[in-house]
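**Student:** Below is the sequence, then the predicted model.
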Amino acid sequence: MNPLSLSQEQYRQVYERITQIALAYLSSVNDLPSFPDVTGERVQGMFSAALPEQGLGMTALDDLTDILENARPCGPRFFGYVLGSGEPVAAAADLLASVLNQNVTAWRSSPSAVTIERTVVGWLAKMIACDGFTGSLTGGGSSANLMGLAMAREARLPANEAGVTKRGAVYASTEVHMSIGKAVALLGIGRDHLRLIPCDEEFRIRHDLLQEAIERDKADGITPIAIVASAGTVNTGSIDDLGMLGHTAQEAGAWFHIDGAYGALAAVAEPQKFQGMDQADSISLDPHKWLYQPLDCGCLLYRMEARAQRAFSHTGDYAQSYFTHSVENFQFFDESMELSRRFRALKLWLSLRYHGLTKFRESIRNDLDLASYFASRVDAEPELERLAPVPLSAVCFRYVPQNAAASDDQLRELNSEILRRVVRRGRVFFSNATIHGRFALRICIVNHRATRADLDEVVSEVVAVGKEVLEH
């Protein structure tokens with residue numbers, strides 16, 4: 001017997017214990033602090049022991065509870081960043097995906113897993129009214145944006161063989177996600193050729209300034225590679241005019257990529273907000289945000305398989321397929337930058353089938369309604385000031401003390417201290433943003449566990465801690 005082999009009884013003990021720990025966590029997650037009462041020194045001391053030469057057996061599992069107790073819970077009062085809440089049916093499927101240990105790279109490597117992923121990708125495209133688009137699941141929006149812009153570069157300024165030999169530019173708003181800047185750097189386009197176009201008062205890219213930038217570049221011999229639209233900016237959730245940008249991209253001969261990692265899946269509940277999304281050449285979206293899936297589960301959708309193959313197909317002899325049937329010959333690695341790929345689709349496939357699309361639509365709509373409710377609470381509170389519109393589920397605001405004149409710099413210092421203290425208190429968790437140069441507290445609701453009472457707690461905490469800071 002191999003030294004790593006386990007008996008049936010050992011399997012049973014391990015999996016039963018892990019299941020018990022998971023069930024206990026899920027039964028209490030709504031009541032856990034939003035941030036653990038922990039320090040870096042303490043965590044370092046708990047989990048930095050030397051690697052044991054001899055195995056610990058079942059006692060190795062004892063530390064799992066310590067991990068949970070010192071982690072940031074995925075509970076109902078987590079409103080930081082843009083991160084879903086870990087739907088439990090999907091989490092259970094993720095365990096099975098790891099047990100199966102499929103390399104979802106080609107049909108011959110994993111027939112059922114590849115077929116399920118292709119099915120799920122089709123479901124996602126249909127959910128956002130982009131029927132006929134194909135694509136693949138990714139680690140997240142950043143990798144999806146990188147792949148989308150790799151396709152754009154190869155379509156408009158081919159560089160896979162000779163390298164980048166001509167100048168090209170990518171256009172996006174000043175509110176665009178940081179992954180776009182990383183992508184243009186990694187692709188050799190260069191961040192100096194990322195044109196960040198100012199926004200209007202609703203944080204959408206200004207179309208007139210975009211057209212001027214394109215015309216200037218063309219006059220200087222610079223090729224417009226891609227226009228990147230935001231379908232939900234990370235700070236405010238703003239949605240660019242997708243229809244207009246699609247038309248502009250077509251006129252300019254540029255690729256039209258939509259970064260929908262945050263917002264695109266809200267089209268399941270509010271399709272009218274995303275008119276023109278079907279004009280895209282490629283779209284990133286994240287089921288681990290607004291379909292509440294456990295990390296990681298991103299997606300890149302695109303209009304034409306041939307464009308993906310042009311960007312990514314580079315196959316060694318050892319990976320050649322000798323199947324002739326169109327299904328059996330399929331290879332994700334010809335359309336993706338990944339070769340080794342985990343079975344991300346299983347959790348999404350099971351979760352969607354277990355609950356049904358209607359329940360996800362209702363949950364997304366509930367998040368949108370909660371954001372509107374919270375915005376109304378902020379507007380009604382004399383010591384809170386809302387700093388941006390609320391087109392989706394992100395709300396930016398700040399604490400402003402009554403009857404006390406304070407500069408933006410003083411309010412920045414005050415609100416940053418409020419943020420630190422609120423997170424440490426562990427009752428609610430949120431993050432921050434910069435809005436027109438002003439420091440903002442920011443909540444983002446992509447959480448199927450959240451309620452109005454949880455958002456009332458945010459208001460109470462900020463006001464109470466604000467007073468506490470001022471008194472000291």
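**Tutor:** Looks like it arrived, so ask away. Residues are numbered from 1 along each chain as shown.
**Student:** Would you agree residue 398 is in contact with residue 381?
**Tutor:** No: using CB atoms under 8 Å as the test, residue 398 is too far from residue 381 to be in contact (11.4 Å). C-betas here are computed from N, CA, C, even on glycine.
**Student:** more crowded one of the two?
**Tutor:** The residue with more neighbours, out of residue 398 and residue 381, is residue 398; 26 against 17, by other CB atoms under 10 Å.
**Student:** so the more buried one, which of the three states?
**Tutor:** Look at residue 398: counting by DSSP: H, G, I helix; E, B strand; the rest coil, its state is strand.
**Student:** roughly how far apart are it and residue 386?
**Tutor:** Distance, residue 398 to residue 386, by CB to CB, to the nearest Å: 9 Å.
**Student:** likewise residue 394?
**Tutor:** Taking CB to CB, one finds residue 394 at 11 Å from residue 386.
**Student:** more crowded one of those two?
**Tutor:** residue 394 (27 against 19).
**Student:** quick one: pLDDT of the closest residue to that one other than its chain neighbours?
**Tutor:** Counting by CB to CB, 6 or more residues apart in numbering, residue 394 lies nearest to residue 237, which is 4.1 Å off, once chain neighbours are set aside. pLDDT, residue 237: 97.
**Student:** Would you state the helices of the stretch 301-450 of the chain in chain order?
**Tutor:** For the stretch 301-450 of the chain, applying DSSP state H, counting those that start in this stretch gives helices covering 305-312, 345-355, 357-380, 408-425.
**Student:** Need the winner for burial among those helices.
**Tutor:** helix 345-355 (a mean of 21; mean count of other CB atoms under 10 Å).
**Student:** could you check the angle helix 357-380 makes with that one?
**Tutor:** Per axes from the mean of the first three to the mean of the last three CA atoms, to 10 degrees, the angle that helix 345-355 makes with helix 357-380 is 90 degrees.
**Student:** And helix 345-355, what does it pack against?
**Tutor:** helix 88-100, helix 111-127 (3 or more CB pairs under 8 Å, 6 or more residues apart in numbering; DSSP states H and E).
**Student:** Kindly reformat the ones you listed as JSON lines containing mean neighbour count, distance to residue 68 and mean pLDDT.
**Tutor:** Below are the helices and strands packed on helix 345-355 laid out as JSON lines (neighbours: other CB atoms under 10 Å; distance: least, CB to CB, whole Å; pLDDT from 0 to 100):
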{"stretch": "helix 88-100", "mean neighbour count": "17", "distance to residue 68": "13", "mean pLDDT": "96"}
{"stretch": "helix 111-127", "mean neighbour count": "19", "distance to residue 68": "29", "mean pLDDT": "97"}
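**Student:** now these as CSV including distance to residue 180?
**Tutor:** Formatted as CSV, the helices and strands packed on helix 345-355 follow (distance: least, CB to CB, whole Å):
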stretch, distance to residue 180
helix 88-100, 28
helix 111-127, 21
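**Student:** To residue 200, which of the ones you listed lies closest?
**Tutor:** With CB to CB as the criterion, residue 200 lies closest to helix 111-127 of the helices and strands packed on helix 345-355, at 28.6 Å.
**Student:** ok, residues contacting the closest one?
**Tutor:** 100, 102, 104, 106-107, 131-137, 265, 267-268, 285, 287, 299, 301, 327-328, 330, 332, 343-346, 348-349, 352, 357 (CB atoms under 8 Å, 6 or more residues apart in numbering).
**Student:** Kindly recompute the last result at 7 Å.
**Tutor:** 102, 104, 106-107, 131, 133-137, 265, 268, 285, 299, 301, 330, 332, 343, 345-346, 348-349, 352 (CB atoms under 7 Å, 6 or more residues apart in numbering).
**Student:** for the record, mean pLDDT for the next helix or strand after that helix?
**Tutor:** Using DSSP states H and E, the helix or strand that directly follows helix 111-127 along the chain is strand 134-138. The pLDDT scores in strand 134-138 average 98.
**Student:** Just checking: what are the partner strands of strand 134-138?
**Tutor:** The strands beside strand 134-138 in its sheet (DSSP bridges) come out as strand 298-302 (antiparallel).
**Student:** For ChimeraX, what selects the buried ones among the contacts of helix 111-127?
**Tutor:** Burial among those is assessed by 16 or more other CB atoms under 10 Å; the matching ChimeraX selection reads:
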select :102,104,106,107,133,134,135,136,137,265,268,285,299,301,330,332,343,345,346,348,349,352
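**Student:** wait, doesn't residue 198 sit right on residue 205?
**Tutor:** No: counting by CB atoms under 7 Å, residue 198 stays clear of residue 205, with 8.0 Å between them.
**Student:** The two: which has the busier surroundings?
**Tutor:** A count of neighbours by other CB under 10 Å puts residue 205 above the other of residue 198 and residue 205, at 28 against 11.
**Student:** Let me know how buried the residue nearest to that one when sequence neighbours are not counted is, in neighbour terms.
**Tutor:** Counting by CB to CB, 6+ apart, residue 205 lies nearest to residue 173, which is 3.7 Å off, once chain neighbours are set aside. Using other CB under 10 Å, residue 173 has 25 other residues around it.
**Student:** Return the residues in contact with residue 173.
**Tutor:** 196, 197, 199, 205, 230, 240.
**Student:** repeat that for 8 Å
**Tutor:** 196, 197, 198, 199, 203, 204, 205, 206, 230, 233, 240.
**Student:** for residue 77, same thing?
**Tutor:** 34, 427, 428, 429, 450, 454, 457, 458.
**Student:** Let me know the secondary structure of the last one.
**Tutor:** Okay, so that is residue 458. Per three-state DSSP, the secondary structure class of residue 458 is helix.
**Student:** That one contacts residue 430, doesn't it?
**Tutor:** Yes: with contact defined as CB under 8 Å, residue 458 counts as touching residue 430 (6.6 Å).
**Student:** got any residues that touch both of these two?
**Tutor:** Shared contacts of residue 458 and residue 430 (CB under 8 Å, 6+ apart): 79, 443.
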